[in-house]
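K.L.:
Below: sequence and its predicted model.
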Amino acid sequence: MAIVSWSKKFIFIKTHKTAGTSMEVDLAAHCDDDDIVTPIFPPNQNHVPRNYQVAIGTFYNHMPATEIEGFIGERHFANAFKFCFERHPVDKCLSHFGMLINSPHHNNPDAPSKWEEYLDYGEFPKDDNLYCDQEGKVIVDRIYRYDQLRESWKDICTRLNIPVRPIQAKEKTGFRAGVPTFGQVMANLKQKERIMEAFSASVQLLRWN
């Protein structure tokens, strides 16, 4: 998912497991007919995709900021408020694993069914390529922290001049059955270090510990 709003001059970069789908539904409700809003999966009756197919290609889910800049041009990219969310690597992996084993829309029979297998498999939801360029430089204006979602969402609403209210949509939640707790993994130094090493870029940027 991505949103490019000409009317409110913002670009929302969707990262994995950061309530991005829920935020997109709410943000898209404030977009004009000419703004670019990509589809979500599974579809939501309150979400209306629009203008995501353009002459040079198609805007798509989890589209990197570098590609969006290539589509809309440097001037429009520079003039927009560009933001995304990032989540603690351990919490992000736990949420991702829960979705893989419990979501009817994302369950993959070939995916690891046990947490230890998931760690060994190593296909983690790393997103630094979505908000950094090829040299690892951050090219969005703000990376908000998922653990500060309430305060961050208030700041976003204020910046975009839209009503400040809690996120209304609740997409892709409730998949934690059979998943270890955050505390359990953080206490297992071997598992924690395996994840933190894989997410070294975001760990350095946001100083997760």
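P.N.:
Thanks, I have it. Residues are numbered from 1 along each chain as shown.

K.L.:
longest strand of this protein?
P.N.:
Counting residues, the longest strand found in the chain (DSSP state E) is strand 81-86.

K.L.:
what's that strand packed up against?
P.N.:
Other helices and strands packing on strand 81-86, by 3 or more C-beta pairs under 8 Å, 6 or more residues apart in numbering; DSSP states H and E, are strand 10-13, helix 128-131, strand 142-145, helix 149-160, helix 200-206. All C-beta atoms are positioned from the backbone trio N, CA, C, and that covers glycine.

K.L.:
and that strand, what's its mean pLDDT?
P.N.:
On average, the pLDDT along strand 81-86 is 97.

K.L.:
Show residues contacting it.
P.N.:
9-15, 18-20, 23, 65, 127, 130-131, 139-146, 149, 152, 156, 159-160, 202, 205-206 (C-beta atoms under 8 Å, 6 or more residues apart in numbering).

K.L.:
relative orientation of that strand and helix 149-160 in degrees?
P.N.:
170 degrees (axes from the mean of the first three to the mean of the last three C-alpha atoms, to 10 degrees).

K.L.:
got the CA coordinates for the next helix-or-strand element following strand 81-86 in PDB?
P.N.:
Once strand 81-86 ends, the next helix or strand along the chain (criterion: DSSP states H and E) is helix 89-102. The C-alpha trace of helix 89-102 is given here as PDB (Å, rounded to 0.1, in the frame of the first residue of the first chain):
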ATOM      1  CA  PRO A  89      12.300  -6.000  15.500                       C
ATOM      2  CA  VAL A  90      11.300  -8.700  18.000                       C
ATOM      3  CA  ASP A  91       7.700  -7.500  18.300                       C
ATOM      4  CA  LYS A  92       7.500  -7.100  14.500                       C
ATOM      5  CA  CYS A  93       8.700 -10.700  13.900                       C
ATOM      6  CA  LEU A  94       6.200 -12.000  16.500                       C
ATOM      7  CA  SER A  95       3.400 -10.300  14.800                       C
ATOM      8  CA  HIS A  96       4.500 -11.400  11.400                       C
ATOM      9  CA  PHE A  97       4.800 -15.100  12.600                       C
ATOM     10  CA  GLY A  98       1.400 -14.900  14.100                       C
ATOM     11  CA  MET A  99      -0.100 -13.700  10.800                       C
ATOM     12  CA  LEU A 100       1.600 -16.400   8.900                       C
ATOM     13  CA  ILE A 101       0.200 -19.200  11.100                       C
ATOM     14  CA  ASN A 102      -3.200 -17.800  12.000                       C
END
